[in-house]
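S.K.: Take a look and give me a structure for this.
(6 chains)
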Number of protein chains: 6
Amino acid sequence: MQPYAIAPSILAADFARLGEEVSRVLEAGADIIHLDVMDNHYVPNLTIGPMVCTALRRFGISAPLDVHLMVTPVERLIDDFLAAGANYISFHPDACVHLDRCLQQIKEGGAKAGLVFNPASSLDALDYVLDKVDLILLMSVNPGFGGQRFIPSALDKLRQARRLIDESGLPIRLQIDGGVKQDNIRQIARAGADTFVAGTAIFGQKDYRAAIDGLRRELEARD
Amino acid sequence: MQPYAIAPSILAADFARLGEEVSRVLEAGADIIHLDVMDNHYVPNLTIGPMVCTALRRFGISAPLDVHLMVTPVERLIDDFLAAGANYISFHPDACVHLDRCLQQIKEGGAKAGLVFNPASSLDALDYVLDKVDLILLMSVNPGFGGQRFIPSALDKLRQARRLIDESGLPIRLQIDGGVKQDNIRQIARAGADTFVAGTAIFGQKDYRAAIDGLRRELEARD
Amino acid sequence: MQPYAIAPSILAADFARLGEEVSRVLEAGADIIHLDVMDNHYVPNLTIGPMVCTALRRFGISAPLDVHLMVTPVERLIDDFLAAGANYISFHPDACVHLDRCLQQIKEGGAKAGLVFNPASSLDALDYVLDKVDLILLMSVNPGFGGQRFIPSALDKLRQARRLIDESGLPIRLQIDGGVKQDNIRQIARAGADTFVAGTAIFGQKDYRAAIDGLRRELEARD
Amino acid sequence: MQPYAIAPSILAADFARLGEEVSRVLEAGADIIHLDVMDNHYVPNLTIGPMVCTALRRFGISAPLDVHLMVTPVERLIDDFLAAGANYISFHPDACVHLDRCLQQIKEGGAKAGLVFNPASSLDALDYVLDKVDLILLMSVNPGFGGQRFIPSALDKLRQARRLIDESGLPIRLQIDGGVKQDNIRQIARAGADTFVAGTAIFGQKDYRAAIDGLRRELEARD
Amino acid sequence: MQPYAIAPSILAADFARLGEEVSRVLEAGADIIHLDVMDNHYVPNLTIGPMVCTALRRFGISAPLDVHLMVTPVERLIDDFLAAGANYISFHPDACVHLDRCLQQIKEGGAKAGLVFNPASSLDALDYVLDKVDLILLMSVNPGFGGQRFIPSALDKLRQARRLIDESGLPIRLQIDGGVKQDNIRQIARAGADTFVAGTAIFGQKDYRAAIDGLRRELEARD
Amino acid sequence: MQPYAIAPSILAADFARLGEEVSRVLEAGADIIHLDVMDNHYVPNLTIGPMVCTALRRFGISAPLDVHLMVTPVERLIDDFLAAGANYISFHPDACVHLDRCLQQIKEGGAKAGLVFNPASSLDALDYVLDKVDLILLMSVNPGFGGQRFIPSALDKLRQARRLIDESGLPIRLQIDGGVKQDNIRQIARAGADTFVAGTAIFGQKDYRAAIDGLRRELEARD
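M.R.: All right, here's what the predicted structure looks like:
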């Protein structure tokens, strides 16, 4: 299993002060910065594109930038985010006909590649490409819709994905996104997740360090 | 004719410090803040969605926010930008089957409505809705593609649009976007434009006030 | 000009008793039965398909059935409505790339062909096919959206279309649809319409004959 | 297993007398009224929308209305059919990216939610949402195409689905649609179906009661 | 006016011997080789892609290759045909949102750019880009459908286009495609065409030279 | 297992001399002629349509023509290739909503039906239609992209597919396409393939017979 990583989603940050927000959350202990990219076609919402990634790099952010593409098609934006300095680029199998090719495109571009699974999606898409995947992201809410709670069946899917990863012996991160909070992160970690996206659970709090420390304490107390 | 207005496009601003950038450009004399919204479907690029508009309002920006939708379809994003506090919402006639309805949707939502014309698009779409339009935006470059220069045939189209507006007696703004700089803004104003989108011509300069003053001097010297 | 015709839209009828409703409205003096076909793609609503046309024929309705396609693409449904016994089939130019071909398809199938214009659409699509058109339908509300009122700019467009038809010398019907009522039909007729779609203005009334007579009285009083 | 239910499909009824047809078939012993909604995009046919559902309710029909959406996208029509009084709303997993979300949408709207599987579709889509599903509909013909016979591999899939349902302990209906007749319904019931859509097998007969009784006799003789 | 040019369409040639066919038709006096590229989306047919263009170049064909794109979108195929050695690339305005940009793309790639107009399409798309156009192609049949005859209203449109070109003083070719034969080419030339696509009128004949000479004789006899 | 068959892909042949190329490769020992049909929508490339199939038949080619559809939708082109004389027609499950229906369409048209699986696609689509399938084609490169090498995970999938076929007892061909060469064909055959598509490995060689003999020697040496 990969070491635990906390990945605040900047969707919940103050966009008028994004550089400062990201700096503060990194100083507060965040490991990875998560970007939710929506195009109003794959999901019913439009958020941000590659220019935000570029701006963070220019601002001096050197932490890993982890891009979750909720877009279709994915090909052109993969190239744009590679150029913008993304470290992880993940996409949904059902948003991409040439899945194997897109994983190659990301890796040839120098980034790590991820596949994302909606709450109801089976993990079958991993069957023939597990060796090309660096990150598996399981959605525990439906992407693009607001105000949702953690969907319990995600725990089963985490266990399944954990088994797949462990059996493969590959250094694949298992990421969870949606409704992760201090009161359920321990249970989520027990089910196998090692990378935790959190939005309002961090950026919605006054004290980012306290919020991240709170999550970490739960993780350490896992066993 | 409406009084001249300078509308810096935040696409050229530093996104890591957006609130500060916008504040500074307003203090430097900008009249309107222009937002270029692209969805990677109507144009080959993805930029920003309603959350950026919301963030600017929360930051305390009270200047008019002028949203140029380069998206298709437009209906859902019109509602989202109305909720986010936009003052002007403009869209492309060829991105919208129910043009009259979308103009109504914007106006019933309390914003001003605009129609945008690509460099090769005729102005025919104005024929039956001129009385529902508050702003006509003529593109003098192709939207969504970088590194282009002002397309000269836009001057003819400005003259045509100016004539339409003047004959109607309606208080419609005539906006131009693409390649506007200090050395051509006077000619553009003579052709009939009253509202000027400028990206790098302002945000690409060290001194925003000097840049805006430079544009205004040219406008005053127009006659 | 073609003789006046009243065309009740069955969208406003009681669908549980459609045969009876249509019979009653014909006995009450209706000339043509109008069917609004929506596919939830061209417009945000789904209504009825060819089977309703077939059912009316089997019920014994022999009056002209006038089908307004608010669908895209149109090719397959044109064939289906030809087989179902439609007399008029109309479609929107912006829902069809091969407009000339689709007009031919309708006429070779033995029906009369119409083109429909949304409130903001220019009449340019008629320029090279006027000789293949039997009916021009102008929308005076936006199709597919409920609760709208007659859009005044439709009167200008009616006058323009009337001029086109009269100059051509062709026996083309000029139909209007949207917000037609007893208190505006006279003005609409004066602007050039000869065929009047009416929904709730007829089916929303208790006495269909009174409703239709009311409309006709206004038409006779036109001059 | 749920008690047997016969669900006549009104696609085969006389649309000119729909209220009467539905009343008669209910008096003749039908349990549920099945509506086949096609949009000419998911399937090559256009049938009926929410207004027919509304009309049946206004006519006084209080029996369960069971809506099978053969449309894409499904989101807007789900809302429309909820408002129109549908009791069951089912859709195809491959017509909907956000499957979990759409199931929630139906249930929050007060209706029961179903998933539909084309003849060649695997049941994998049930894996993580079985607890949100009230009805599983297996197609034993290809939806939207006429004149087809019961596809034998549907029997295997029925057995599989029956096993899934029984193992879950959940009160899920297992519905079958396509080519169900008196001479095969017993075999179909043995394979696990409890809810039977029938079109011409009922509405195509002179005596609805005799037709339904014939089907029921076969079901009772099952064991 | 440009000198007359005969442009045989290889769609009517023997595809098993394409190099030989093209050589023979050039020896027989053809000026330009016309390629009809269809993608089964813009038109209901799939024909050939860039590889055929490449093969002709490798075979040693050095005559101008004139590519008519009946595809949507056009951007990627423009690049592919530029690389394959096309001299003219034409596309339909309604297949391309960024018309001005695509004309630029063709010209920057070293080819000549054309716009194509379906039988019912107005010439408005030329209004702001006439100076970027090297060829105007008017369709006198509906593209992608077989067995059609020359549509008479194309003659009026030819006259209109001829006027536009002559008034502009630009060296723009005016091409006609569809149903051009020995018995109507004179009339077509009189209406203003200077470049004539012919399919079966040439490749359908035993003696290509006789066929081309026959067309030329008519052209010379024009006055 | 079916007897080995070598299927040269004409995509690698000289298109200016296609009849001759195909004749030569058949004389050199090829068993089946493979046609790669791309529409620039399912894959980023446009190649050839039914007319090439027709031309080969007219040229006198009577060998089996094996059409791989990389297009979406597939329905219309299935009919066109049936009319053009295709013997095998294969398509991708994710390019077709009504998979069972399209298999029927091919078989009712008198051809053999195939399903094609991209490198990352699971074989689940075979579950309920194996008895309607005559050929399973596994892609060992991503279709539509140039310059790729054989993807190793295809060997596992071959073994899986071989097992499915052998257990079914059905006479289904197991075809492989992508990067098949003399130095890996033996290994590929051992994994279960019996039909081998080869492009440049045959048409890229000077001596077609030597190339095919080389592949066959490897196949014979398999055990």
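
S.K.: From now on I want contacts and neighbour counts done on CA atoms only, so please keep to that.
M.R.: OK.

S.K.: got any ranges where chain A has weak pLDDT?
M.R.: A:223 (pLDDT under 70).

S.K.: For it, which residues are neighbours of chain B?
M.R.: Taking C-alpha under 8 Å from any C-alpha of the partner chain as the contact definition, chain A meets chain B at A:14-20, A:39-40, A:45-52, A:55-56, A:59, A:77.

S.K.: what's near enough to touch whatever residue of chain A ends up closest to chain C?
M.R.: Closest contact between chain A and chain C, by C-alpha to the nearest C-alpha, is at A:His41 (14.7 Å). Contact analysis of A:His41 by C-alpha atoms under 8 Å, 6 or more residues apart in numbering or on different chains lists A:71-72.

S.K.: Just the element for it, please.
M.R.: Per DSSP states H and E, A:His41 falls between elements, in no helix or strand.

S.K.: And for A:Arg209?
M.R.: Short version, using DSSP H and E: A:Arg209 is in helix A:208-220.

S.K.: neighbouring contacts of that helix?
M.R.: By C-alpha under 8 Å, 6+ apart, helix A:208-220 touches A:4, A:6, A:24-25, A:27-30, A:181-182, A:185-186, A:189, A:201-202, A:205.

S.K.: Mind jotting down where the helices sit in chain A?
M.R.: Listed from the start of the chain, chain A has helices (DSSP state H) covering A:18-27, A:50-59, A:75-83, A:99-108, A:153-168, A:185-190, A:200-203, A:208-220.

S.K.: Would you reformat these as CSV and include mean neighbour count?
M.R.: CSV is the format used below for the helices of chain A (neighbours: other C-alpha atoms under 10 Å in any protein chain shown):
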stretch, mean neighbour count
helix A:18-27, 20
helix A:50-59, 21
helix A:75-83, 18
helix A:99-108, 20
helix A:153-168, 17
helix A:185-190, 20
helix A:200-203, 22
helix A:208-220, 18
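
S.K.: A:Phe117 bridge partners, please.
M.R.: In this entry, A:Phe117 is beta-bridged to A:Leu138, by DSSP bridges.

S.K.: wait, doesn't A:Phe196 sit right on A:Gly178?
M.R.: No - using C-alpha atoms under 8 Å, A:Phe196 makes no contact with A:Gly178, being 9.0 Å away.

S.K.: returning to what we had before: can you tell me which of the helices of chain A comes nearest to F:Thr72?
M.R.: helix A:99-108 (16.8 Å; C-alpha to C-alpha).

S.K.: Only alpha carbons, please: show that closest one as CSV.
M.R.: This file holds the C-alpha atoms of helix A:99-108, laid out as CSV (Å, rounded to 0.1, in the frame of the first residue of the first chain):
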residue,chain,number,x,y,z
LEU,A,99,-8.8,3.9,-23.1
ASP,A,100,-5.5,2.0,-23.6
ARG,A,101,-4.3,4.8,-25.9
CYS,A,102,-5.2,7.6,-23.5
LEU,A,103,-3.3,5.9,-20.7
GLN,A,104,-0.3,5.7,-23.0
GLN,A,105,-0.7,9.4,-24.0
ILE,A,106,-0.6,10.4,-20.3
LYS,A,107,2.5,8.3,-19.5
GLU,A,108,4.4,9.3,-22.7
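
S.K.: what helices or strands is it leaning on?
M.R.: helix A:75-83, strand A:112-117 (3 or more C-alpha pairs under 8 Å, 6 or more residues apart in numbering or on different chains; DSSP states H and E).

S.K.: ok, is the longest one in contact with chain F or not?
M.R.: No - Helix A:75-83 lies apart from chain F when judged by C-alpha under 8 Å from any C-alpha; the minimum separation is 10.7 Å.
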